[in-house]
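>>> okay, here's the prediction I keep looking at, along with the sequence it came from:
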Amino acid sequence: MKTPWKKPFPPRCLTIAGSDSGGGAGIQADLKTFTVHGVYGMVAITSITAQNTKEVRAIYDVSPEVVASQIEAVSDDIGVDAAKTGMLSNKEIIHAVSGVLKKYDFPLVIDPVMVAKSGAKLLKDDAIEALKNELLPRAKIVTPNRMEAEILSNEKIQTIDDAIKAAKKIKKEYVPEAVVVKGGHISEDSKYAVDVLYVEDHAILLEGERVNGCTHGTGCSFSASIAANLAWGYDIIEAVKNAKEFITHSIKTGINYGSGHCPVNSSSWIYIPAEKFNIIKNLEQAVSLLVDNSEEFVKYYPEVGINLAMSLPSWYVKDENDVAGIPGRIIRIGKKLEACYKPEFGASKHVAKSIIAIQKHDPSIRAAMNLVYDESFLENAERLGYIISGFDRKFEPEDVKKTEGATTPWGIDFAIKKIGKVPDIIYDVGEPGKEALVFIFGQSAKDVVEKALRIIRSN
């Protein structure tokens, strides 16, 4: 259970690890993770690396004395509620870290960085022995990947049962409170990634979606998340479960930077919920503006109703569920427009598809609204300098016509190719049984309504 945090400031977390100049792993990943978990982050840098998503070009180890001094400096003054270790480089640094940690009793998460994803050893044998004998017994939780667990347990791991056996052996031999054998490299053909948490005298299997995404910094961010959860007062099981959910999300939302292993995206953990809140507020403001000016809009009200939609930034958009719209659309009652429901994500299909389609050509566009096709509206827009293009369904290929929901994306692409640029407005001239429409695009829902209102008032 979570222990209520009673101090008048946030928890404090320390990472003892190397620096990744690419920002994807090491102390950079740890500090990002600490920040999104609401804890105050501190560092003791063990090594400075020159690396990117493809390679490590140079490594410079900090002296053991300076590593120890960094730990003492922050612990003695600021205080530490939980800490984690990452890359410890050599046996001398491990000796120094082990020695100085004897002075403090904060919970410690050890990510035993010994083997890379490629299987290459990152620590010499004497450093591995120092890590085993001097540091692991100090740990509250140890988080090896499959290859590291094999070294620590001297057991071959191919299945979940093997991982349970190894975790039990590591806990018995090195006496941490818990061991998490990470499942990313176990049963890789499975659609699930199963982490084995061995705590007290039993194993808990933590099953999650196996995500084929950005994985650079996964181990660092996972262990940092566990440390942050421990700092807040969560017990071991809750801390690891929370970290599992966090790292799955961070892999899934990774952004494809570089040409190698792209990094996990810790910031999405708080950015996406915050941006969803902002989108809903923007849509509410836009709907209010539209409703307040109903009499000017009703002339352009289509039989299918008006929908107004806004998406997350394009790099987070996978489908219509990442686009918010108005459930039931905006309806006409006499000369008044009304939104029957509050904006929701996944509430728009047609307008959402138009946004997703146009984002492939211009990622900055995030919002759209449909009105009825009206030549005077288009003439006004052109006179104001807006870029306009459109499509005629008579040119629509048969395979597109037969596919539900494919017409709008095809039409958007057609309209853009026709003029060689991304327009502000795209019209659909319709066909028998399909109403002619106009789509107004912009960077926000409010921007779209203001643009439409400007065009209407230019009469």
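Cool, the structure landed. Computed from a prediction, not measured in an experiment: that's the story for all the values here.

>>> where does the stretch 101-250 of the chain dip in pLDDT?
Scanning the stretch 101-250 of the chain for pLDDT under 70 picks out 116-121, 185, 188-189.

>>> helices along that one, start to end?
125-130, 146-153, 160-174, 218-232, 236-252 (DSSP state H, counting those that start in this stretch).

>>> identify the residues contacting the first one?
The list of residues contacting helix 125-130 from outside it, by C-beta atoms under 8 Å, 6 or more residues apart in numbering, reads 88-91, 94-95, 98, 114, 151. Glycine gets a C-beta too; all of them are placed from N, C-alpha and C.

>>> kindly report the same for stretch 175-182.
So stretch 175-182 is contacted by 110, 136-137, 139-146, 149, 157, 163-164, 166-167, 170-171, 195-199, 219, 222, 226, 236, 240 (C-beta under 8 Å, 6+ apart).

>>> kindly report the same for stretch 276-292.
Contacts of stretch 276-292 (C-beta under 8 Å, 6+ apart): 297, 306, 308-312, 324-326, 330, 336-339, 342-343, 345, 367, 444-446, 448-450, 453.

>>> mind checking which of the contacts of stretch 175-182 are buried?
110, 136, 139-146, 149, 157, 163-164, 166-167, 170-171, 195-199, 219, 222, 226, 236, 240 (16 or more other C-beta atoms under 10 Å).

>>> after the host helix or strand of residue 439, which helix or strand is next?
Following DSSP states H and E, one finds residue 439 within strand 437-442. Using DSSP H and E, the helix or strand that follows strand 437-442 in sequence is helix 445-457.

>>> for residue 38, grab the count of nearby residues.
Neighbours of residue 38 under the rule other C-beta atoms under 10 Å: 13.

>>> correct me if wrong: it contacts residue 10.
Yes. Counting by C-beta atoms under 8 Å, residue 38 does reach residue 10; the two are 5.8 Å apart.

>>> what's the neighbour count on the closest residue in space to residue 311 that isn't next to it in sequence?
Distance criterion C-beta to C-beta, 6 or more residues apart in numbering; nearest residue to residue 311, sequence neighbours excluded, is residue 323 at 4.3 Å. Residue 323 has 27 neighbouring residues, counting by other C-beta under 10 Å.

>>> list the contacts of residue 323.
Per C-beta under 8 Å, 6+ apart, neighbours of residue 323: 309-312, 317, 345-346, 348, 351-352, 355-356.

>>> hmm, which of the residues you listed are the buried ones?
Here, 16+ other C-beta under 10 Å leaves 309-312, 317, 345, 348, 351-352, 355-356 buried among those.

>>> looking at the residues you listed, which is nearest residue 459?
Of all those, residue 351 has the smallest distance to residue 459: 24.7 Å, by C-beta to C-beta.

>>> and that closest one, how far is that from residue 254?
Using C-beta to C-beta, to the nearest Å, we find residue 351 at a distance of 28 Å from residue 254.

>>> sorry, back to before: could you save the contacts of residue 323 as CSV and add columns showing distance to residue 409?
Shown next, in CSV, are those (distance: C-beta to C-beta, whole Å):
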residue, distance to residue 409
309, 15
310, 18
311, 14
312, 18
317, 13
345, 20
346, 18
348, 14
351, 12
352, 11
355, 10
356, 7
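
>>> of those residues, which pair is most distant in space?
Maximum distance among those (C-beta to C-beta): 14.9 Å, for 312 and 351.

>>> still on that earlier bit, backbone dihedrals for the residue nearest to residue 311, please?
phi -120, psi 130 (degrees, to the nearest 10).

>>> neighbours of residue 374, how many?
Residue 374, neighbours per other C-beta under 10 Å, totals 17.

>>> so who does it touch?
With C-beta under 8 Å, 6+ apart, residue 374 has these contacts: 299-300, 438.

>>> remind me, longest helix of this structure?
As assigned by DSSP state H, the longest helix anywhere in the chain is helix 268-292.

>>> now do the buried residues in that helix.
For helix 268-292, by 16+ other C-beta under 10 Å, it's 268-269, 271-272, 279-280, 282-284, 286-287, 289-290.

>>> residue 230: which of the contacts of residue 323 is nearest?
residue 312 (31.2 Å).

>>> about what we covered before: now, of the contacts of residue 374, which are buried?
300, 438.

>>> which SSE is immediately downstream of the longest helix of the chain?
Following helix 268-292 in sequence, per DSSP H and E, is helix 294-297.

>>> name the helices or strands packed onto that next one?
strand 336-339, helix 445-457 (3 or more C-beta pairs under 8 Å, 6 or more residues apart in numbering; DSSP states H and E).

>>> how is the protein carved up into domains?
12-266, 271-457 (automatic domain parsing).

>>> quick one: end-to-end length of the shortest one, please.
The straight-line separation of the ends of domain 271-457 (C-alpha to C-alpha, to the nearest Å) is 37 Å.

>>> repeat that for stretch 298-309.
Stretch 298-309 end-to-end distance (C-alpha to C-alpha) = 19 Å.

>>> mind listing what's buried along that stretch?
300-302, 306-309.

>>> how about stretch 320-334?
320, 322-326, 329-330, 332.

>>> what is the rounded mean pLDDT of that stretch?
In this model, stretch 320-334 has an average pLDDT of 96.

>>> first-to-last residue distance for that stretch?
Start-to-end, stretch 320-334 (C-alpha to C-alpha) is 31 Å.

>>> what is the neighbour count of the closest residue to residue 199 other than its chain neighbours?
Excluding the flanking residues, the one nearest residue 199 by C-beta to C-beta, 6+ apart is residue 178, at 4.1 Å. The number of residues packed near residue 178 is 23, by other C-beta under 10 Å.

>>> any regions of the stretch 251-400 of the chain where pLDDT drops low?
Answering for the stretch 251-400 of the chain: no residues sit below the bar, that is pLDDT under 70.

>>> so where do the strands sit in it?
308-311, 323-325, 330-333, 336-339, 344-345, 367-372, 388-391 (DSSP state E, counting those that start in this stretch).

>>> contacts for the first one?
Taking contacts as C-beta under 8 Å, 6+ apart, the residues outside strand 308-311 that touch it are 279, 282-283, 286-287, 290, 317, 322-326, 330, 347-348, 351-352, 355-356, 359, 366-369, 444-445, 448-449.

>>> select, out of the strands of the stretch 251-400 of the chain, the one closest to residue 379.
The nearest among the strands of the stretch 251-400 of the chain, by C-beta to C-beta, is strand 388-391 at 9.4 Å.

>>> listing partners with orientation, what would you give for that closest one?
Its sheet considered, strand 388-391 pairs with strand 425-428 (parallel) by DSSP bridges.

>>> picking that back up, possible to save the helices and strands packed on helix 294-297 as TSV with mean neighbour count?
Output for those, formatted as TSV (neighbours: other C-beta atoms under 10 Å):
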stretch	mean neighbour count
strand 336-339	17
helix 445-457	20
